[in-house]
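Trainee: fold the following and give me the result.
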Amino acid sequence: MKFSLIVILLSLLNNPTLLINSQVKSYLDKLETDFDEILFVSIDNQKMYHFKKQKIISTYVISSSKYGVGNQSGSNKTPKGLHFIKNKIGDNTPINGKMIGRKFTGEIAKIFSDKTISDTDDITTRILWLSGLEKGVNKGENIDSFKRYIYIHGTSEEGRLGIPSSHGCIRMKNKDVIDLYKKVEVGTLVLIL
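Mentor: Numbering: from 1, shown residues only. A predicted model of the protein is given here:
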């Protein structure tokens, strides 16, 4: 019994897909939620994993909030828990196109590939607007992810991806957010842990 447990633990450690898959499955089992497709945002790894049929089909480097994790309105923190994509915005926005109020401004953002912090904290290219599914965690009064405008979106600060840098949203490379936008539909589950 002890030997088989050690073998299982070693196989999990040597195979990050299994480890990540078990983390996602464990969380969803507690919520009694099944999934065929899910985006898993790992705050610790600063990566997003796109799962289909419990296999990772894509991995993206992301940035979550520089203020940490939390659900409180006005905190600028990234909310944890299970969400879904409620809206997809930016079909006709060009790559690196700036958006304000979820509308293309007509401007193209300057993309920083070093650690430069943009003066304007641009939302660029595409937006996947998230809505929380867990009442009291990311859904409800003063903690609602949708009302907090929590997005997955492109950024002008591509050189800061991989380190917490946002004001609550999940930032991605512009070409990556276009790729993801094409692959996922409204209703796709997003788990942030």
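Trainee: now Lys183: closest residue in space, sequence neighbours ignored.
Mentor: Nearest non-adjacent residue to Lys183, counting by CB to CB, 6 or more residues apart in numbering: His50, 6.8 Å away. No exception for glycine: its C-beta is placed from N, CA and C like everyone else's.
Trainee: parallel or antiparallel, list what pairs with the helix or strand hosting the one you found.
Mentor: Using DSSP states H and E, His50 maps to strand 47-52. Applying DSSP bridges, strand 47-52 is found paired with strand 37-42 (antiparallel), strand 55-63 (antiparallel).
Trainee: surely Lys77 touches Gly68?
Mentor: Yes: counting by CB atoms under 8 Å, Gly68 is a contact partner of Lys77 at 5.4 Å.
Trainee: is Gly136 in contact with Ile143, as I believe?
Mentor: Yes: assessed by CB under 8 Å, Gly136 is found in contact with Ile143 at 7.4 Å.
Trainee: between those two, who's got more neighbours?
Mentor: Between Gly136 and Ile143, Ile143 has the larger neighbour count (other CB atoms under 10 Å), namely 21 against 11.
Trainee: wait, a helix at that one?
Mentor: No: using DSSP: H, G, I helix; E, B strand; the rest coil, the assignment for Ile143 is coil, not a helix.
Trainee: return the residues in contact with it.
Mentor: Ile143 is in contact with 71-73, 79, 132, 136-137, counting by CB atoms under 8 Å, 6 or more residues apart in numbering.
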